[in-house]
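*Asks:* this one's structure only:
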């Protein structure tokens, strides 16, 4: 059984290494976790918020990816917002903890259209548990020299928002560094890839109580094919929301969100895979979200 577990861990590591070069976590509830990838979202609505997200990927597989995210945002001056995020991402023998500070600037275009520009600055710690490779997997001897200290980061983003639609673009990490990678079944040193995110959505008013909210999130990773989430959601009474998502990387998801009170929102998403190599060994991916809204801040005129 232990031998089987090691083989399974290696298989998952190779699958992760080939998932379009992804090195940053996905979120099914991406419309509500945009702060993670786009600093322009920091207090864009003039409100003070605290959000926490937990994503457990490929349940029942040992050492599968797990991401815990926390981000807060508040207006700090007229047209200026401040955000902070802490993200812990674990997969196989890797653990990354990111700390970032976001600053957004509000630039009104006209009465109905606003533009927010954001800058992200911070860094992350990167740890590798080499002892976790308890199997006969070829390893690059240079792995022992991988820097596991603090790695600085700078990112940028823009957010264009209208009452009926939005467009978001960001590159959350401009500084690349070394990490563990997979090269044809051999554990080697690799280099982080540049990630760019383009998202958009439109809100169709069906009647006084119901709104159709299609959206998409497109991911570009240097040297890999494009990946996109295509989402259709329905909001009812501005309090309940549910929808489905198709990811072009052979995955699907269903989710719902509920506004319990004026100051707390809860969300849950279940994600399944269309990959046959995973269908028989995992019961899917679970994502949980809780958001606290403390209302308009002192500088909420924008």
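*Replies:* Done, it's in. From a predicted model like this one, the values you see are computed outputs, not experimental measurements.
*Asks:* hang on, residue 244 packs against residue 232?
*Replies:* Yes. Contact criterion CB atoms under 8 Å: residue 244 and residue 232 qualify, at 5.9 Å. C-betas here are computed from N, CA, C, even on glycine.
*Asks:* overlap of the contact sets of the two?
*Replies:* Common contacts of residue 244 and residue 232, defined by CB atoms under 8 Å, 6 or more residues apart in numbering, are absent altogether.
*Asks:* for residue 69, see how far away residue 38 is.
*Replies:* 14 Å (CB to CB, to the nearest Å).
*Asks:* between these two, which one's more packed in?
*Replies:* residue 38 (28 against 21; other CB atoms under 10 Å).
*Asks:* so what's residue 103 up against?
*Replies:* 39, 42, 80, 81, 82, 83, 118, 119, 121.
*Asks:* how about the helices in the protein?
*Replies:* 2-18, 276-279 (DSSP state H).
*Asks:* ranking those by mean pLDDT, which is last?
*Replies:* Mean pLDDT is lowest for helix 2-18 out of those, coming in at a mean of 43.
*Asks:* hang on, the earlier thing: buried subset of the contacts of residue 103, written for PyMOL?
*Replies:* Applying 16 or more other CB atoms under 10 Å to the contacts of residue 103, the buried members can be selected in PyMOL as follows:
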select buried, resi 39+42+81+82+83+118+119
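*Asks:* would you turn the contacts of residue 103 into TSV with distance to residue 97?
*Replies:* TSV is the format used below for the contacts of residue 103 (distance: CB to CB, whole Å):
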residue	distance to residue 97
39	18
42	20
80	27
81	24
82	21
83	17
118	22
119	21
121	16
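*Asks:* which of the contacts of residue 103 fall within strands?
*Replies:* Using DSSP state E, the members of the contacts of residue 103 that fall in strands are 80, 81, 82, 83, 118, 119, 121.
*Asks:* and the closest residue to the first one other than its chain neighbours, what are its bridge partners?
*Replies:* Read that as residue 80. Nearest residue to residue 80, sequence neighbours excluded (CB to CB, 6 or more residues apart in numbering): residue 105, at 6.1 Å. Beta-bridge pairing of residue 105 under DSSP bridges involves residue 80, residue 117.
*Asks:* okay, residue 105: pLDDT?
*Replies:* Residue 105 is given a pLDDT of 96.
*Asks:* and the one 10 residues further on, by the same measure?
*Replies:* Residue 115 is assigned a pLDDT of 96 by the prediction.
*Asks:* next, the contact list for it, please.
*Replies:* 106, 107, 108, 109, 158, 159, 160, 161.
*Asks:* partner residues bridging the last one?
*Replies:* Going back to what we said before, that points to residue 161. With DSSP bridges as the rule, residue 161 is bridged to residue 114, residue 166.
*Asks:* can you map out the strands along the stretch 201-302 of the chain?
*Replies:* Assignment of strands within the stretch 201-302 of the chain using DSSP state E, counting those that start in this stretch yields the ranges 204-205, 210-212, 215-221, 227-236, 240-247, 251-261, 264-273, 285-296.
*Asks:* neighbouring contacts of the first one?
*Replies:* Which is strand 204-205. Taking CB under 8 Å, 6+ apart as the rule, strand 204-205 contacts 164, 211, 212, 213, 214.
*Asks:* switch to 7 Å and redo it
*Replies:* Strand 204-205 is touched from outside by 211, 212, with contacts defined as CB atoms under 7 Å, 6 or more residues apart in numbering.
*Asks:* in its sheet, what does it sit against?
*Replies:* Checking strand 204-205 against DSSP bridges gives partners strand 210-212 (antiparallel).
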